[in-house]
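In: the following block contains a protein sequence and its predicted model.
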Amino acid sequence: MRRPGIHDRHAHVHDPDVIASREAHGARDAWFALQNPPGSKRLSSPARLIRAMDAGDVPFADALAFGWRDHGMCVMRNDATAAMRDALDPKDRTRLRWFGAANPAAGTAAVQEVARLASLGFAGVGELFPDGQGFDVTDRRVVAPFLAACDDLGMAVVVHASDPEGPGFPGRDSTTPAKVLALLDIVSDVAPGLPLVVAHLGGGLPLLSSAVDVRHRIERTRVVFDTAACAYLYSPAQLLYAARCLPGRIVFGSDHPVCGIDRTLRWVREAGCDPAEIG
């Protein structure tokens, strides 16, 4: 029997052209090449995601886009994603919330693309990769107009973040907890209603939220923190601590296919948390 509350808030899919020509796309985007080296199996079709969801008894997932640096690539891949979505069997299509690609560094063009995505029925934008896309989440001039537009359009935003401690890994960037806090300050000023997801447990920010100032700055926004790839970085006890510090602010995310739904479910349950309602 399905558990209707489980919703994977962080899964990735790619359209057939990207999957078939990974090296060519890597030549056009350095961050994509870093994330998808030769021989890796980190690219997933919607069908592969649906199979993983069925195996884990997860009825719903957010199908995230890749954060391409080039604006033209974002537009091209969004068109391909929309076509891929529309070609799916309706019962599978409605199990996924679709996110598109945009780069805040593109300025007005990025805002226009967000509006186009909204008109095409996308639920949000992301995963944004600040270092890979060449912007800083603390740069108000760049991010404020983008975030305000997403808020106005009711579009959720997913942002990559990294824990600065521990061993290095592909994908670690400079969007650390200090920068995430600065981003939240911008969000509270210009986009207070924005549904914001900061990936990878916000780079560890919830583990610092026993500090009154940190918790206050989090509570001024609608931010949540997902568990994507966190089984690689944190113990189940750390997840439980974060969930107790920030009730209602931690959400299940697998980072499919990088980590995987089954592994993340086991990690969450080992912490004594319910994947349907972690925080």
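Out: Alright, I've got the coordinates.
In: tell me where this structure has helices.
Out: For the chain, the helices defined by DSSP state H cover 16-20, 22-28, 30-35, 46-56, 71-87, 90-93, 108-119, 130-133, 140-153, 177-190, 199-202, 212-219, 236-245, 261-270.
In: want to throw the ones you listed into a markdown table with mean pLDDT?
Out: Below are those laid out as a markdown table (pLDDT from 0 to 100):
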| stretch | mean pLDDT |
| --- | --- |
| helix 16-20 | 95 |
| helix 22-28 | 93 |
| helix 30-35 | 94 |
| helix 46-56 | 96 |
| helix 71-87 | 98 |
| helix 90-93 | 91 |
| helix 108-119 | 98 |
| helix 130-133 | 98 |
| helix 140-153 | 98 |
| helix 177-190 | 98 |
| helix 199-202 | 97 |
| helix 212-219 | 96 |
| helix 236-245 | 96 |
| helix 261-270 | 97 |
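In: which of the ones you listed sits most buried?
Out: With neighbours taken as mean count of other Cβ atoms under 10 Å, the helices of the chain reach their highest mean count in helix 199-202, at a mean of 28. Just so you know, the C-beta spots here come from the backbone N, C-alpha and C atoms, and that holds for glycine as well.
In: which strands and helices lie in contact with that one?
Out: strand 224-226 (3 or more Cβ pairs under 8 Å, 6 or more residues apart in numbering; DSSP states H and E).
In: given the strand it packs on, what are its sheet partners and their directions?
Out: Paired strands of strand 224-226, with direction, are strand 196-198 (parallel), strand 250-251 (parallel) (DSSP bridges).
In: dump those into CSV; add distance to residue 190, mean pLDDT and mean neighbour count as well.
Out: Below are these laid out as CSV (distance: least, Cβ to Cβ, whole Å; pLDDT from 0 to 100; neighbours: other Cβ atoms under 10 Å):
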stretch, distance to residue 190, mean pLDDT, mean neighbour count
strand 196-198, 12, 98, 25
strand 250-251, 23, 98, 24
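In: please tabulate the ones you listed in TSV, including the columns distance to residue 208.
Out: Output for those, formatted as TSV (distance: least, Cβ to Cβ, whole Å):
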stretch	distance to residue 208
strand 196-198	13
strand 250-251	14
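In: ok, which of these comes nearest residue 265?
Out: strand 250-251 (13.4 Å; Cβ to Cβ).
In: who's in contact with that closest one?
Out: Contact with strand 250-251 is made by 7, 9, 197, 201, 206, 224-227, 239, 242-243, 273, 278-279, as judged by Cβ atoms under 8 Å, 6 or more residues apart in numbering.
In: how much space between residue 95 and residue 60?
Out: For residue 95, the distance to residue 60 (Cβ to Cβ, to the nearest Å) stands at 6 Å.
In: give me the common contacts of these two.
Out: Contacts common to residue 95 and residue 60, judged by Cβ under 8 Å, 6+ apart, are residue 53.
In: with neighbour numbers in mind, choose between the two.
Out: Comparing residue 95 with residue 60 by other Cβ atoms under 10 Å, the one with more neighbours is residue 95, at 20 against 16.
In: that one against residue 62, yeah?
Out: No - between residue 95 and residue 62 there is no contact under Cβ atoms under 8 Å: 10.6 Å.
In: closest to residue 54 among the contacts of strand 250-251?
Out: residue 7 (14.6 Å).
In: quick one: closest of the helices of the chain to residue 252.
Out: The nearest among these, by Cβ to Cβ, is helix 261-270 at 6.4 Å.
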